[in-house]
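Engineer: how does the following fold in three dimensions:
(one chain, ligands or ions: 1)
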Amino acid sequence: MGKRFSHISQRGYIKMGIKVAKFGGSSVADAIQLAKVKSIIEADDSRKYVVVSAPGKRFDGDSKITDLLYLCNTHIEHNVPCDQIFQVVVDRYKAMEMSLGVQVGLDEEFAEIRQKLEAGEGADYIASRGEYLNAKLTAAYLGMDFVDAAGLVRFNEKGRFLDEETDQALAEELKKHERAVIPGFYGTYPDGKIKTFTRGGSDITGSIVAKAVEAEIYENWTDVHGFLQADPRIVKDPEPIATISYSELRELSYMGASVLHENAIYPVRGQNIPINIRNTNDPEHPGTMIVSKAKPEDDGRIITGIAGSKDFTVITLCKNMMSSEKGYIKRLLGILEGYGIGFEHLPSGIDTVSVVISNKQLNGSLQDILDEIDRKLNPDSVEVNQDIALVATVGAGMAKRRGTAARLFTALAQAEVNIRMIDQGSSEMNIIVGVNNKDFETSVRAIYAAFVTDGK
Ligand code: ASP
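Structural biologist: Next up is the predicted model:
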């Protein structure tokens, strides 16, 4: 045995060289895409565990299998026949089975699914079949074992994900399989009933599998080259991000940049397993590497990315001597809590505090909240702005450089953007500005130009 394989971990895995490759919906949408998956797997012997989503869209206007399955379930719940939609699903899998030249007993599988669907097994069960069947097909096609996530990915009776139990169960089972395909997106309650993660949850399965087999890397194969420094719908041809830290990614995802399910970060983060976002349609491209500590000095960049979104409300309270009044902010947050509303940001001054809430959350309760604030907090003045967009400029490199904030504010001033609010995260990794909704795109472009286009 060569040196490379000499280290056996406590769990019995050969430590070096295991890669977990998760393929998203577009990467497994049909037999053509699966052929790409096969050559990716064959190109690197260390890609031993594969996690798949359900087949996604093949072209613009196509349907995702998961959406069709949910739709079937809704039909049944309303006593409307769903035969036609179900048939679309059957046909898609059958076409894949035929083109791939494998046989996984689809007729029996579909008979069982149909019967459980009619018996009211529920949305989670039906939706999970998208991944289940796809993993069966993929396993047969790649010549790997099929390992069902049911019984291994575990939730408690309340539906909370049980990370440690899952980790042990997966590690124990996967040890028995040198190579395996595991369906993403779902697991089981203690009574064996299927429970799914939220949409896009196959990313989480990939991450927990990577943790369980102590992978050296978690590859997340999708249809983009990774993260970009800004939204390509706003900035033309933004630069790709080669390396990003988990924390930077968290900030960018929170502010609207989406490639990866946000809960996919935690399992691998604790184990220092990097995530590599890759493009199935361009496998030579290195993609984006998500690591525990990105070294921004490596590529000279100051900022890592810009993200943001529109439609927030900012409520600003002023009260003389607020800072010496005990529990003032706590009471403010208590009022919001009473309406089931969480806040996004809470910038404060000596005698002022602003609370930023997404308009979606407010959902018609603004006036009641303001009345209650008036009664219970007796502020000197209250200002409300319902038309705010937030723009986050994120980068671990910002803290070390002098003049970053000045450069950002100058860029916005020159673009004639009026800044309505500033919040610098205590991590010094981001600066968030609130601007009017109408200035959102201008602000993103101005910041991008100041930090990326006009030199680093
Ligand atoms: N198929 C599921 C969805 O469409 C899960 C996934 O693809 O990650 O949300």
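
Engineer: look up the closest residue to the residue most central in space within the chain, ignoring the ones flanking it.
Structural biologist: Centroid-nearest residue in the chain: residue 261, 1.7 Å away (criterion: CA atoms, centre = their mean). Leaving aside its sequence neighbours, residue 261 sits nearest to residue 203 (CB to CB, 6 or more residues apart in numbering; 3.8 Å). For every residue, glycine as well, the C-beta is placed using N, CA and C.

Engineer: next, the contact list for that neighbour, please.
Structural biologist: 22, 24, 184, 220, 260, 261, 263, 264 (CB atoms under 8 Å, 6 or more residues apart in numbering).

Engineer: let me know the pLDDT of the closest residue to the last one other than its chain neighbours.
Structural biologist: Using CB to CB, 6+ apart and skipping the chain neighbours, the partner closest in space to residue 264 is residue 203 (3.8 Å). We note a pLDDT of 97 for residue 203 in this prediction.

Engineer: tell me which element residue 203 falls in.
Structural biologist: helix 202-212 (DSSP states H and E).

Engineer: so which residue of the stretch 251-400 of the chain comes closest to the ligand?
Structural biologist: Closest approach between the stretch 251-400 of the chain and the ligand, counting by CB to the nearest ligand atom: residue 261, at 7.0 Å.

Engineer: what sits up against stretch 316-330?
Structural biologist: Contacts of stretch 316-330 (CB under 8 Å, 6+ apart): 332, 346, 348, 350-354, 373, 377-385.

Engineer: quote the end-to-end distance of it.
Structural biologist: 15 Å (CA to CA, to the nearest Å).

Engineer: per-residue confidence averaged over it?
Structural biologist: 90.

Engineer: try stretch 286-304
Structural biologist: So the average pLDDT for stretch 286-304 ends up being 80.

Engineer: what does stretch 99-107 give?
Structural biologist: 97.

Engineer: buried stuff in that stretch?
Structural biologist: 100, 102, 104, 106 (16 or more other CB atoms under 10 Å).

Engineer: pretty sure the third one sits against residue 135.
Structural biologist: No. Counting by CB atoms under 8 Å, residue 104 stays clear of residue 135, with 9.8 Å between them.

Engineer: just the angle between the biggest helix by length in the chain and helix 202-212, please?
Structural biologist: In the chain, with assignment by DSSP state H, the single longest helix is helix 123-142. Interaxial angle of helix 123-142 relative to helix 202-212 (axes from the mean of the first three to the mean of the last three CA atoms, to 10 degrees): 60 degrees.

Engineer: contacts for whichever helix or strand comes after helix 123-142 next, please.
Structural biologist: Helices and strands here follow DSSP H and E; after helix 123-142, the next one along the chain is strand 145-146. For strand 145-146, the surrounding residues in contact (CB under 8 Å, 6+ apart) are 135, 136, 139, 140, 177, 179, 180, 181.

Engineer: 7 Å - rerun?
Structural biologist: 135, 136, 139, 177, 179, 180, 181 (CB atoms under 7 Å, 6 or more residues apart in numbering).

Engineer: how about a markdown table for those, with pLDDT, distance to residue 440 and neighbour count added?
Structural biologist: Listed next are those as a markdown table, based on pLDDT from 0 to 100; distance: CB to CB, whole Å; neighbours: other CB atoms under 10 Å:
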| residue | pLDDT | distance to residue 440 | neighbour count |
| --- | --- | --- | --- |
| 135 | 98 | 41 | 29 |
| 136 | 98 | 45 | 22 |
| 139 | 98 | 45 | 22 |
| 177 | 97 | 49 | 16 |
| 179 | 97 | 47 | 16 |
| 180 | 98 | 45 | 21 |
| 181 | 98 | 42 | 26 |
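
Engineer: the residues you listed into a markdown table, with extra columns for distance to the ligand?
Structural biologist: What follows is the contacts of strand 145-146, written out as a markdown table (distance: CB to the nearest ligand atom, whole Å):
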| residue | distance to the ligand |
| --- | --- |
| 135 | 12 |
| 136 | 15 |
| 139 | 17 |
| 177 | 22 |
| 179 | 22 |
| 180 | 18 |
| 181 | 15 |
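
Engineer: which residue ranges of the stretch 201-350 of the chain form strands?
Structural biologist: 217-222, 243-245, 275-279, 288-291, 305-318 (DSSP state E, counting those that start in this stretch).
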